[in-house]
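A.B. asks: Structure for this input, please:
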Amino acid sequence: MSTAAPLLATPEQLELYEPVIGLEVHVQLGTRTKIFCGCPNEFGAAPNTNVCPVCLGMPGALPVLNRAAVELGIRAALALHCEVRRRSIFARKNYFYPDLPKGYQISQYDQPLAEHGWVEIQTPSGPRRIGVRRLHLEDDAGKSSHEGYRDSDRFSYVDLNRTGSPLAEIVSEPDLRSPDDPNHEGVARLLRGEPVPPERVYFRTIARFETSSPALARLGRRLILGLGERRPRQVLVRFHEL
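C.D. replies: Purely as a prediction, here's the structure:
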């Protein structure tokens, strides 16, 4: 017996729409230490060992920006043909989660590191230029594990080693038309830092579906997909399930 979800639209109806995809790509920068403290920025250490009062958000602990993180961010911005701002500002992004001990993320909002870039990708129909809206720096949160332990039915485990790791968030324009366009490896290579493990590369894809009718070109549905380590092709799967 098949368990495949039935299509909610006919092939003829689907022909009237196309996926319009923009990406927010979080990539860990290959620095030796974290972005605002001297803790090692490495993967695989024993849980909760690469931490200090700064990345744990202890009272009175003051962050100091990692110069190498800024340099790698600028390098990525130049590779993406972005305009690097002469002045950029960090801001607090407040939200609660168990693996965010500070209670906020240090990110950038209205004055990011770089803006207005582009990257050229190869598609089956030839080269396509994808706009890059912005690139900004921020620190990562920790990691919550909700399964894999004998008492996971009652408890979640938190590892704060990743807290404070430097991230570059790259936000594209909604110029992608196929889930085959983006890829993990191309984004990671842009940074030219240390090798980036696949589990540390995150995709959050915003897909807006617009009709091909000119009169209704701006009318569509918007869907936010958290892809994680999954392949971008799943955008197309969800598109056909609408």
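A.B. asks: report the longest strand in this structure, please.
C.D. replies: The longest strand of the chain (DSSP state E) is strand 126-139.
A.B. asks: Name every strand pairing with the next helix or strand after that one and say which way it goes.
C.D. replies: Sequence order places strand 143-145 as the next helix or strand after strand 126-139, per DSSP states H and E. Strand partners for strand 143-145, identified by DSSP bridges, are recorded as strand 157-159 (antiparallel).
A.B. asks: what about the strand it pairs with, average pLDDT?
C.D. replies: The average of the pLDDT scores along strand 157-159 is 94.
A.B. asks: Same check on stretch 23-38?
C.D. replies: On average, stretch 23-38 scores 88.
A.B. asks: Just the CA trace of it, in CSV.
C.D. replies: Provided in CSV are the C-alpha atoms of stretch 23-38 (Å, rounded to 0.1, in the frame of the first residue of the first chain):
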residue,chain,number,x,y,z
LEU,A,23,18.0,31.4,0.6
GLU,A,24,19.3,32.4,4.0
VAL,A,25,22.5,30.5,4.4
HIS,A,26,24.4,30.2,7.8
VAL,A,27,28.0,29.1,7.4
GLN,A,28,30.4,28.7,10.3
LEU,A,29,33.6,30.7,9.8
GLY,A,30,36.8,28.7,10.1
THR,A,31,38.5,30.8,12.8
ARG,A,32,40.6,29.3,15.6
THR,A,33,38.5,30.9,18.4
LYS,A,34,34.9,32.0,18.8
ILE,A,35,33.7,35.3,17.6
PHE,A,36,33.5,37.2,20.9
CYS,A,37,35.8,35.2,23.2
GLY,A,38,39.0,33.1,23.2
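A.B. asks: Could I get the full set of helices for this protein?
C.D. replies: 11-14, 67-79, 184-190, 234-241 (DSSP state H).
A.B. asks: who does the longest one touch, helix- and strand-wise?
C.D. replies: For helix 67-79, the elements it packs on are strand 83-84, strand 114-123, strand 126-139, strand 166-172, judged by 3 or more CB pairs under 8 Å, 6 or more residues apart in numbering; DSSP states H and E. In this view, the C-beta of every residue, glycine as well, is placed from N, C-alpha and C.
A.B. asks: how does it look with 10 Å?
C.D. replies: strand 17-28, strand 83-84, strand 114-123, strand 126-139, strand 166-172, helix 184-190 (3 or more CB pairs under 10 Å, 6 or more residues apart in numbering; DSSP states H and E).
A.B. asks: Go through the ones you listed and pick out the most buried.
C.D. replies: Across these, averaging neighbours per residue (mean count of other CB atoms under 10 Å) puts strand 166-172 on top, at a mean of 24.
A.B. asks: Give the residue spans of this structure that score low on pLDDT.
C.D. replies: Of all residues in the chain, those with pLDDT under 70 make up the ranges 1-9, 13-19, 178-242.
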